[in-house]
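*Asks:* this one's sequence-less:
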């Protein structure tokens, strides 16, 4: 394997967060971003063709090694007793923050018809949602948005990868 | 790649501790230890021959993926640019300074019940906290406050944007 | 009516309403309010009889339903022609239901994705740090204000200090002014009250600047002198450097 690819592979493996092309470019001098992107594409393909247990994925604006989705049953045996699931209330709240961000709590309450405090706090603690700032209206309510970890956990390259929901689009059209 | 090898590869990758042959045998039924050992040897060889950035090593009685030792200089660069995390002690001290500023060290010590010197020094170095002045009382204690960088890091326009305890309590209240 | 479904499966009143609409195979744009209201109340009644905690939100929607029902029963107000119908009293509720339904759908789609730690896994073992990595002082810090306020709450939770709970935007605005004054004093050595106000002389700013100076004097961080009864008020740091 080309030495540069080996270095990139090791960097992705060792990085805690998905590794961005920019970061690779900082670490590897004399290498253009374009070149790095094509090396990354090559590496992704190699893992794909190899058909092993690991694959290279683009998530949260960077690259990360992940286990193959269809092997999940085996991995769950290894990690017995874990996956911390989100409750339906938390999922609904998270979906609203993801699609409508930046938004304030009262908007979530209004749409769901129930108080979202508990769900919101859980999402803040799990670092899926963060405080973005305050809205410049009386009472200065806190504005919420999703985090990079949200993208990482939900396997999204960026927010634009969120599936567009026809219903949501229609509603947004009506609002404006 | 043989499916069993792919599963083993994914298990090693996702395991927190070096994965033992015994553990693999528990997860993969109908597979003898002897067979697992030879699959592991094959996988180790494959990574060796590939000459990539990752290799499979036997450590502490189990198997684990590691980055190639000779790539350490590159990995050091990766670490150097990594965003620092604040320790809980640093976080608490920073919170005290942020919410109670301007304040002197003895006040932080008193409320946290431990000496804050170390945490305070780290925060000064990270430029999150600064010396605001000195108090005109015996001993002329140093008075601390937060910096502009503090506002930047926490994405705040000014200190009045800090979430209040009341807001935090409101989020909590509904959950209990 | 049979109540075989579990009550705690509802995420709120809108969820219950959506369930009733689906169960009756009703067109969401043309909800028979009388029927739905009746069924909705039956559910509430049953929840009450089971001594389930009925969240206030369920009652809010109940009153909305009654309100809509009564509006539908009323003859059109005078002056409104037969042709130009007034707005459908159900419109707002329908809009809210559609919106909620869309997000419920969005939540399900999110849940369908390959989730980290459920369907896909990343490297489990910590990577051994190359030991000599030097931490730069100016390193980026990755933290969130939520962690900060949580940390603060954690520290003072054990204390019985009522005053600590009073921290609010007012106090922080004052702190902002204190920081600004100390910053300028460090740079310029001395400063007048008028300098501090600059061109911006809105009431809030004057009050906070004044309060900040009082606070700094109380803390013995600055000294203030006035030359004559109406002279300029001059501030100095109480302690050099």
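*Replies:* Perfect, thanks for sending it. Everything numeric here is computed off the predicted structure, so don't read it as measured data. Numbers count the residues shown, from 1 in each chain, chains lettered A, B, ... in the order given.

*Asks:* select the longest helix from the chain.
*Replies:* If you meant another chain, say so; for now it's chain A. Longest helix in chain A, counting residues (DSSP state H): helix A:33-50.

*Asks:* wrong chain, I was asking about chain C
*Replies:* Longest helix in chain C, counting by DSSP H: helix C:91-112.

*Asks:* before we move on, the earlier item: any part of the longest helix of chain A near chain B?
*Replies:* Yes - Helix A:33-50 comes into contact with chain B (C-beta under 8 Å from any C-beta of the partner chain), by way of residue A:50. All C-beta spots, glycine's among them, are computed from the backbone N, C-alpha and C.

*Asks:* can you name the next helix or strand after that helix?
*Replies:* Sequence order places strand A:54-59 as the next helix or strand after helix A:33-50, per DSSP states H and E.

*Asks:* report the angle between that next one and strand B:54-59.
*Replies:* 120 degrees (axes from the mean of the first three to the mean of the last three C-alpha atoms, to 10 degrees).

*Asks:* coming back round to it: in the longest helix of chain A, which residues are buried?
*Replies:* Buried residues in helix A:33-50, counted by 16 or more other C-beta atoms under 10 Å in any protein chain shown: A:36, A:39, A:40, A:43, A:46, A:47.

*Asks:* hmm, which two among the residues you listed are most spread apart?
*Replies:* Largest separation among the buried residues of helix A:33-50 by C-beta to C-beta: A:36 and A:47, giving 16.6 Å.

*Asks:* list the buried residues for stretch A:116-135?
*Replies:* Residues of stretch A:116-135 classed as buried by neighbour count (16+ other C-beta under 10 Å): A:116-124, A:126-134.

*Asks:* got the end-to-end distance for that stretch?
*Replies:* Start-to-end span of stretch A:116-135 (C-alpha to C-alpha, to the nearest Å) is 18 Å.

*Asks:* that stretch - what's its average pLDDT?
*Replies:* Taken as a whole, stretch A:116-135 has a mean pLDDT of 93.

*Asks:* can that stretch be said to contact chain C?
*Replies:* Yes - Stretch A:116-135 lies within reach of chain C by C-beta under 8 Å from any C-beta, at A:124, A:125, A:127, A:130, A:131.

*Asks:* contacting residues around the last one?
*Replies:* What that stands for is residue A:131. A:124, A:142, A:143, A:144, B:163, C:144, C:145, C:146 (C-beta atoms under 8 Å, 6 or more residues apart in numbering or on different chains).

*Asks:* parallel or antiparallel, list what pairs with the helix or strand hosting it.
*Replies:* Secondary structure from DSSP H and E places residue A:131 in strand A:129-134. Sheet pairing for strand A:129-134, assigned by DSSP bridges, gives strand A:142-146 (antiparallel).

*Asks:* tell me the centre residue of chain A?
*Replies:* The centre of chain A sits closest to residue A:151, judged by C-alpha atoms, centre = their mean, with a distance of 0.7 Å.

*Asks:* grab the nearest non-local neighbour of that one.
*Replies:* In space, and not counting its chain neighbours, residue A:151 is closest to residue A:60: 3.7 Å by C-beta to C-beta, 6 or more residues apart in numbering or on different chains.

*Asks:* tell me the mean pLDDT for whichever strand or helix holds residue C:62?
*Replies:* Element membership for residue C:62 (DSSP H and E) is helix C:56-73. The predicted model assigns helix C:56-73 a mean pLDDT of 90.

*Asks:* please identify the buried residues of it?
*Replies:* Neighbour-count burial for helix C:56-73 [16+ other C-beta under 10 Å]: C:57, C:58, C:61, C:62, C:64, C:65, C:68, C:69.

*Asks:* let's have those residues in CSV, adding distance to chain A.
*Replies:* Supplementary listing: the buried residues of helix C:56-73 in CSV, determined by distance: C-beta to the nearest C-beta, whole Å:
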residue, distance to chain A
C:57, 5
C:58, 9
C:61, 7
C:62, 12
C:64, 10
C:65, 12
C:68, 15
C:69, 18
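
*Asks:* and the helix holding residue C:62, what does it pack onto?
*Replies:* Other elements packing on helix C:56-73 under the criterion 3 or more C-beta pairs under 8 Å, 6 or more residues apart in numbering or on different chains; DSSP states H and E are helix C:13-23, helix C:33-49, helix C:91-112.

*Asks:* residue 89 - how many residues pack around it?
*Replies:* Chain wasn't specified; assuming chain A. 19 (other C-beta atoms under 10 Å in any protein chain shown).

*Asks:* please refer instead to chain C.
*Replies:* Around residue C:89 there are 16 residues (other C-beta under 10 Å).

*Asks:* residue A:160 now?
*Replies:* Residue neighbour count, defined by other C-beta under 10 Å, stands at 7 for residue A:160.

*Asks:* could you measure from it over to residue C:18?
*Replies:* With distances taken as C-beta to C-beta, to the nearest Å, residue A:160 is found 29 Å from residue C:18.

*Asks:* nearest spatial neighbour of residue 154, skipping sequence neighbours?
*Replies:* With no chain named, the answer covers chain A. Once flanking residues are discounted, residue A:154 sits nearest to residue C:113: 5.1 Å by C-beta to C-beta, 6+ apart.

*Asks:* I was after chain C.
*Replies:* For residue C:154, ignoring the flanking residues on the chain, the nearest one in space by C-beta to C-beta, 6+ apart is residue B:92 at 6.9 Å.

*Asks:* rewinding a little: would you confirm that the residue nearest to residue A:154 contacts residue A:152?
*Replies:* No - counting by C-beta atoms under 8 Å, residue A:152 is not a contact partner of residue C:113; they are 11.6 Å apart.

*Asks:* which one's more surrounded, the two?
*Replies:* Higher neighbour count among residue C:113 and residue A:152: residue A:152, with 21 against 18, using other C-beta under 10 Å.

*Asks:* tell me the SS of residue A:121?
*Replies:* Following DSSP: H, G, I helix; E, B strand; the rest coil, residue A:121 is assigned to helix.

*Asks:* one step back: need the pLDDT of the residue nearest to residue A:151.
*Replies:* pLDDT, residue A:60: 95.

*Asks:* name the nearest residue to residue A:133, ignoring sequence neighbours.
*Replies:* Per C-beta to C-beta, 6+ apart, closest to residue A:133 is residue A:143, 5.1 Å.

*Asks:* list the contacts for that neighbour?
*Replies:* When contacts are counted by C-beta under 8 Å, 6+ apart, residue A:143 touches A:102, A:103, A:104, A:131, A:132, A:133, A:134, A:135.

*Asks:* quick check: phi and psi at the first one.
*Replies:* The phi and psi torsions at residue A:102 (degrees, to the nearest 10) take the values phi -80, psi 140.

*Asks:* count of neighbours near residue C:175?
*Replies:* Counted with other C-beta under 10 Å, the neighbours of residue C:175 add up to 25.

*Asks:* can I assume it sits in a strand?
*Replies:* No - under the criterion used here (three-state DSSP), residue C:175 is helix, not part of a strand.

*Asks:* roughly how far apart are it and chain B?
*Replies:* In this view, residue C:175 and chain B are 5 Å apart by C-beta to the nearest C-beta, to the nearest Å.

*Asks:* for that residue, give me the pLDDT.
*Replies:* Looking at residue C:175, its pLDDT is 85.

*Asks:* spatially central residue for chain C, please.
*Replies:* Residue closest to the average C-alpha location in chain C (C-alpha atoms, centre = their mean): residue C:146, at 12.2 Å.

*Asks:* what helix or strand does that one sit in?
*Replies:* Per DSSP H and E: helix C:145-157 holds residue C:146.

*Asks:* flag the shaky bits of chain A, pLDDT-wise.
*Replies:* Along chain A, segments meeting pLDDT under 70 span A:81-83, A:166-176.

*Asks:* please enumerate the helices of chain A.
*Replies:* Assigned by DSSP H, chain A shows helices spanning A:3-14, A:21-27, A:33-50, A:72-78, A:88-100, A:105-112, A:117-125, A:148-153, A:166-175.
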